[in-house]
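In: based on what follows, work out the 3D shape:
(one chain, ligands or ions: 2)
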Amino acid sequence: MESFASQKKDIKSMTLDELRADMKIQGQPSYKALQIYRWLHRGVSSFEEMTDLSKIVRQFLTEKYYISVARVENKLVSDYDNTIKYLFSFADGQCVEAVLMEYQHGRSICISTQVGCKMGCTFCATGLGGFQRNLTASEMLSQVQAAQKDAGVRISNIVLMGMGEPLDNYNQVIRFLRLVSSQEGMNLGMRHISLSTCGLVPQMRAFAEEGLPVTLSISLHAPNDDVRKQLLPVANAYAIEDVLSAAREYVEKTGRRVIFEYALVKGVNSELRHADELASRLRGLRGHVNLIPLNAVRERDLHPPTRADVDAFLRRLEARHISATVRREMGADIEGACGQLRR
Ligand code: SAH
Ligand code: SF4
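Out: Ligands and ions are numbered 1, 2, ... in the order given. The predicted structure is shown next:
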């Protein structure tokens, strides 16, 4: 399947312009590109389903291209809040997880951008499993399409916060953002998309340059380099001040405020002195702090603070005029929460 597929082109990762150019080279009328593109973004899994194309064209497409799909291997539905955790597989048998959530304003899906992750954060189940490979733009799109189809819903928000570090798969992620927001595709506004990064500074700067109005979440998790290094190995490569200056650039270039993710880990970063230090670091930066009481990961001896400590941390930030909230847990009973996704 793999070698078979790899000789063909991944048609669902192509932009409409690229498809038009290909059709032209192949001697096909270019209006066919739009027809094909629309079918792909409606989530068809075979060229046979493109019923308004002639048999000859469908055959030609089958010979030159393949359509990547995400197959539902398993799904868990939360008893608390209808959150659904999916295990999807791709053509080569690799699997990722995605989480579909229901909010008052619609449906949101948290998708994966890589199989595994290279970053090795100490508190993250994905990081513990190592890295397998990057996902293609079409495989990101396929997760959204497969969940929509399976659950019979229309997804209105996407978060790139599942398995993997999106900015470590930069080109495919940018391609995905352009595809999913294209008018002829799902037409989902970039403002309804969030991307979370552990703080890869050069890629954050490049991402700011793209000028896409996506919400950028930055996994800060610490008020200084010493504490950050205990949790995120990437902190050895990039200093917190550089991460924050890249965040400032993002705010300036896109006009959007950024979100700082802060997982509270008992005895590591959850004391009031940490809140004070965080507040002074973030002063003047247009951002919002999202506090996440750590989700325990079986393999690690790391724990969340008590509810009272979480509240005290929040109040201390607020007292210092830092906009902050404690994140609502979704799907905790199905290990669908942050950092609990594995293969
Ligand atoms: N790689 C990206 C996006 C995926 S992780 C990133 O790190 O930002 C999504 C979020 O879950 C990140 O903020 C991450 O730090 C957080 N997270 C990971 N493990 C967690 C855990 N055990 N408890 C709470 N949050 C966790
Ligand atoms: Fe990778 Fe994000 Fe997990 Fe860190 S928290 S290991 S960057 S997925």
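In: can you pull out the strands in the stretch 151-300 of the chain?
Out: Shown for the stretch 151-300 of the chain, the strands assigned by DSSP state E, counting those that start in this stretch span residues 155-160, 193-197, 215-219, 258-264, 287-293.
In: the third one packs against which elements?
Out: Based on contacts counted as 3 or more CB pairs under 8 Å, 6 or more residues apart in numbering; DSSP states H and E, the elements that strand 215-219 packs against are strand 193-197, helix 201-210, helix 240-254, strand 258-264. Placement of C-beta: from N, CA and C, glycine included.
In: try 7 Å
Out: In terms of contacts (3 or more CB pairs under 7 Å, 6 or more residues apart in numbering; DSSP states H and E), strand 215-219 is packed against strand 193-197, helix 240-254, strand 258-264.
In: on that earlier part again, do you know which of the strands of the stretch 151-300 of the chain lies nearest ligand 2?
Out: Between ligand 2 and those, the shortest gap by CB to the nearest ligand atom is with strand 215-219, which sits at 6.0 Å.
In: any chance of the strands of the stretch 151-300 of the chain in CSV, with mean pLDDT and distance to ligand 2 too?
Out: Shown next, in CSV, are the strands of the stretch 151-300 of the chain (pLDDT from 0 to 100; distance: least, CB to the nearest ligand atom, whole Å):
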stretch, mean pLDDT, distance to ligand 2
strand 155-160, 97, 11
strand 193-197, 98, 7
strand 215-219, 98, 6
strand 258-264, 97, 9
strand 287-293, 97, 11
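In: as a markdown table, those with distance to Ala239 and mean neighbour count would be great.
Out: Shown next, in a markdown table, are the strands of the stretch 151-300 of the chain (distance: least, CB to CB, whole Å; neighbours: other CB atoms under 10 Å):
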| stretch | distance to Ala239 | mean neighbour count |
| --- | --- | --- |
| strand 155-160 | 24 | 21 |
| strand 193-197 | 15 | 21 |
| strand 215-219 | 14 | 23 |
| strand 258-264 | 16 | 23 |
| strand 287-293 | 18 | 21 |
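In: could you export stretch 206-218 as PDB, CA atoms only?
Out: In PDB, the C-alpha atoms belonging to stretch 206-218 read as follows (Å, rounded to 0.1, in the frame of the first residue of the first chain):
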ATOM      1  CA  ALA A 206       8.500  32.700  10.300                       C
ATOM      2  CA  PHE A 207       4.900  32.000  11.300                       C
ATOM      3  CA  ALA A 208       4.400  35.600  12.400                       C
ATOM      4  CA  GLU A 209       5.700  36.600   8.900                       C
ATOM      5  CA  GLU A 210       3.000  34.600   7.200                       C
ATOM      6  CA  GLY A 211       0.500  37.000   8.700                       C
ATOM      7  CA  LEU A 212      -2.300  34.400   9.200                       C
ATOM      8  CA  PRO A 213      -4.900  35.400  11.800                       C
ATOM      9  CA  VAL A 214      -4.600  32.100  13.600                       C
ATOM     10  CA  THR A 215      -4.600  32.100  17.400                       C
ATOM     11  CA  LEU A 216      -1.100  31.200  18.600                       C
ATOM     12  CA  SER A 217      -0.800  29.300  21.900                       C
ATOM     13  CA  ILE A 218       2.500  29.100  23.500                       C
END
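In: for the closest residue to Val44 other than its chain neighbours, grab the count of nearby residues.
Out: In space, and not counting its chain neighbours, Val44 is closest to Met50: 6.5 Å by CB to CB, 6 or more residues apart in numbering. Neighbourhood size, Met50 [other CB atoms under 10 Å]: 20.
In: I'd say Met50 and Arg58 touch.
Out: Yes: using CB atoms under 7 Å, Met50 is in contact with Arg58, at 6.1 Å.
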